[in-house]
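A.B. asks: got a sequence here, can you model it:
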Amino acid sequence: KNYQFSVLFDMDGWSLQHMSMKMLYQQVSILQKYFPERLGKAYLVNTPWIFNATWVLIKSWLDPRTASKVHFLEEKDMKEVLLSEIDEDVLEVKYGGKHSRYESLGEQIDWEVEAEKKKKAEEEQKKKAQPAAKEEDQNTLRSISKTERS
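C.D. replies: Predicted coordinates:
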């Protein structure tokens, strides 16, 4: 049986800084080559105006059948359209469903980046503390030597 999935992209806060056209092209190529006809529908909400120009380019990479599955939703139509396609128990409250907020991939990546930064900062602090401790040990040894000589 050929299962299909629907995807909801909330583009709120998106800018060109958030994407690599080369990487996106590679992803689109892989999905179309190895997973043809798996996409049921893709819904894009809160799309910024700059994405429209980007979409023209992205759409040219897509098979026309795939491109026809991409739907831009305005806020006034969002709840009705999404609930007609997605079960309200899995659709987030902010889109008209009953499910609590899901953590996004971006938030997971941000969390991992922050954890890595914290780890590096802790390592730097340890490195800074080690020379200070060595210097303190050396000063102690000097004091002991001076005391022994006296």
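
A.B. asks: poorly predicted segments of this protein, please.
C.D. replies: For the chain, the stretches flagged by pLDDT under 70 are 1, 105-113, 130-135, 137-150.

A.B. asks: spell out the residue ranges of the strands in it.
C.D. replies: Ranges of strands in the chain, per DSSP state E, are 5-10, 39-45, 70-73.

A.B. asks: format the ones you listed as JSON lines; extra columns: mean neighbour count and distance to G97.
C.D. replies: In short, each C-beta sits where N, CA and C put it, glycine included. Below are these laid out as JSON lines (neighbours: other C-beta atoms under 10 Å; distance: least, C-beta to C-beta, whole Å):
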{"stretch": "strand 5-10", "mean neighbour count": "14", "distance to G97": "10"}
{"stretch": "strand 39-45", "mean neighbour count": "17", "distance to G97": "13"}
{"stretch": "strand 70-73", "mean neighbour count": "16", "distance to G97": "14"}
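
A.B. asks: and of these, who's closest to D63?
C.D. replies: Ranking these by proximity to D63 (C-beta to C-beta) places strand 39-45 first, at 10.2 Å.

A.B. asks: can you list the strands that the closest one pairs with?
C.D. replies: If you go by DSSP bridges, strand 39-45 pairs up with strand 5-10 (parallel), strand 70-73 (parallel).

A.B. asks: give me the residues contacting the last one.
C.D. replies: Right, strand 70-73. Strand 70-73 is contacted from outside by 41-45, 47, 59, 62, 81-82, using C-beta atoms under 8 Å, 6 or more residues apart in numbering.

A.B. asks: make it 10 Å
C.D. replies: Strand 70-73 is contacted from outside by 6-9, 11, 39, 41-47, 51-52, 55, 58-59, 62, 77, 79-82, 85, 95, using C-beta atoms under 10 Å, 6 or more residues apart in numbering.

A.B. asks: that strand: how far from the chain's middle?
C.D. replies: 21 Å (C-alpha atoms, centre = their mean, to the nearest Å).
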